[in-house]
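1. model this:
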Amino acid sequence: MNIRITSRKFKAKESLKEQIRGEIKSLLRFNDNILNVNVVLSYTHPKDSIKVLEIILQLPGKTIIVEQSSEEYELALGKAIDKIKKQLAKIKTVRTTRPKNENS
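-> This next block holds a predicted model:
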């Protein structure tokens, strides 16, 4: 699994990057076929301080994109990870309940 973190118009702290990597690696419990994860950090206005976090997660044959905004990147990260966990659980449920012999 490749994790790429991009911060637009600022330099992200190393502690924030480590927290993001830890949260992304925790997603392997839900699906171990994650190929690539791109995390984009940006903000709308410096004074308003609305921070936007976008996660693009690639699975074989499927891409999950989640965007979350908040006053802090840590809060946006938690909400985005929760959304991805729900989507990964849904994919796993569909995969396990689908009959094996669909073509016959």
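
2. show me where the protein has helices.
-> With DSSP state H as the criterion, the chain has helices at 14-26, 73-97.

3. partners of the closest residue to Glu67 other than its chain neighbours in the sheet?
-> Once flanking residues are discounted, Glu67 sits nearest to Glu54: 4.5 Å by C-beta to C-beta, 6 or more residues apart in numbering. Yep, even glycine has a C-beta here, placed from its N, CA and C like the rest. Glu54 has the following beta-bridge partners by DSSP bridges: Val40, Glu67.

4. isn't Glu54 right up against Val37?
-> No: Glu54 lies out of contact with Val37 (C-beta atoms under 8 Å); the separation is 11.0 Å.

5. looking at those two, which is more packed in?
-> More neighbours surround Val37 than the other of Glu54 and Val37, with 21 against 17 (other C-beta atoms under 10 Å).

6. contact partners for that one?
-> Met1, Asn2, Ile3, Arg4, Ile24, Leu27, Ile55, Ile56, Leu57, Gln58 (C-beta atoms under 8 Å, 6 or more residues apart in numbering).

7. residue contacts, the second one?
-> Shown in contact with Asn2 (C-beta under 8 Å, 6+ apart): Leu35, Asn36, Val37.

8. alright, I will stop here.
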